[in-house]
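any chance you could fold what I've pasted below:
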Amino acid sequence: MVSSEQRRRQLAREKYLRQQQRRETARRKSRQRNVVIASVLAVVLAGGGAVAAAGTFSGDDKDKKKDDAAASTPSAPANSKAPDPCAKEAKAVAGEKPKKMSFKKEPAVSIDKSASYSMKLETTCGDISIDLDAAKAPHTVNSFDFLAGKGYFDHTKCHRLVNQGIYVLQCGDPQGTGAGGPGYKLPDENLKDPSLKGGKYPAGTVAMANQYNAQTKQGRNSGGSQFFLVYQDSQLPPDYTPFGKVSEDGMKVLKKIASAGAAAPDQMGNTAPNASVVINKATVGKS
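The predicted model follows:
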C-alpha cells in the first residue's frame, strides 16, 4: 500500500519532470527563432556587463522558461508604459492584417546588381527610406524586392525593440512573434563590409536577422524576411548581412520610435516597442 508520504514524493517527481519537459521545449523554440541570437548576448556582456548589471536577465529558477528565451536574445529592461507616439495612426489601420504567404525556394536573382535600389517603409510612425546595396548583397536585396512586390511586409508589426547593449528595431515577421519567415533561407552576404570594422554596426545600418549561433558555429545562411534597423551604434559581431542604410529623415522616425521605449519581455522573449509600429506598405525600386 502506498503511503501518503510516498504519494506526495511521486507527485513531486512527476511535477519536476513536467517542468523539465516544458523547459526543454522552450529551449528548442528559442534556438529556432529567427532573431538576433546568443552571440549578441556574449558581445554585450563582454562589453562591460551592462545588461547583467541592469538586471535584465533574471537568475530566478522559478521562471526558467523566460530566462531561456532571454538568454538567446538580448532584450530591453522592463519599463513603465511610455506614451505611444503612433497610437492615432495605428488605430486607423487596426483592422488591416498581413497576408499569409510562404514560398518553397528563394526567388531567382533578377535585379540589376549595378543599379541603385531603395526601399520605402510607410509606417504608422512615419516613412523610413532605405538605400539598398544591390552590388554587395544581391540575394538579400532581390528577396526584398520580391517580397515587397507580393505585399508580404504590408500591415506587419515591428515586433521588437532593443534599447540596452544594442540598439535596434526588428521587423519583417508577419506573425509578429519573431518566429515567422517566407519559407526559404538566404545566404549570408557582405559580412566583410568595411563599415563593420571593430565589431560595430553603425547607426543607420539595416541588416538581416538570422539563426547563427557563434558558440556552436551553426546556423549560417539562415536569413529569411526579418531584419533590424540600427538607431544607435551597436557592438555586434559581423554575422548579420548588412544590406542597406537608413536615410536622414528615416533616422528621425527611428529615434522617435526608440524614445518611447520598450515593453517588458513577453513569453517569446520579445520586447515590443511601446510605439505602435506597423508597416502599412513596403516598396522597393530603382532609385
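
could I get the phi/psi values of the nearest residue to C125 once chain neighbours are set aside?
Excluding its sequence neighbours, the residue lying closest to C125 (C-beta to C-beta, 6 or more residues apart in numbering) is C86, at 4.2 Å. All C-beta atoms are positioned from the backbone trio N, CA, C, and that covers glycine. C86 adopts backbone torsions of phi -120, psi 10, taken as degrees, to the nearest 10.

thought C86 was touching T124?
Yes: assessed by C-beta atoms under 8 Å, C86 is found in contact with T124 at 4.6 Å.

so the two - more neighbours on which side?
Using other C-beta atoms under 10 Å, the more surrounded residue of C86 and T124 is T124, with 24 against 21.

list the contacts for that one?
Taking C-beta atoms under 8 Å, 6 or more residues apart in numbering, we find T124 in contact with C86, E89, A90, A92, V93, S276, V277, V278, N280.

buried residues of whichever strand or helix holds the third one, list them for me.
It refers to A90. Assigned by DSSP states H and E, A90 belongs to helix 87-92. Within helix 87-92, the residues that count as buried by 16 or more other C-beta atoms under 10 Å are E89, A90.

could you give the mean pLDDT of it?
Averaged across helix 87-92, pLDDT comes to 95.

just the buried positions in the helix or strand just after that helix, please.
Downstream of helix 87-92, the first helix or strand assigned by DSSP H and E is strand 117-123. Across strand 117-123, burial judged by 16+ other C-beta under 10 Å covers Y117, S118, M119, K120, L121, T123.

and stretch 187-197, by the same measure?
D188, E189, N190, L191, D193, L196.

distance to T241 and secondary structure added to those residues, as CSV?
Below are those laid out as CSV (distance: C-beta to C-beta, whole Å; DSSP: H, G, I helix; E, B strand; the rest coil):
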residue, distance to T241, secondary structure
D188, 5, coil
E189, 5, coil
N190, 6, coil
L191, 7, coil
D193, 9, coil
L196, 10, helix
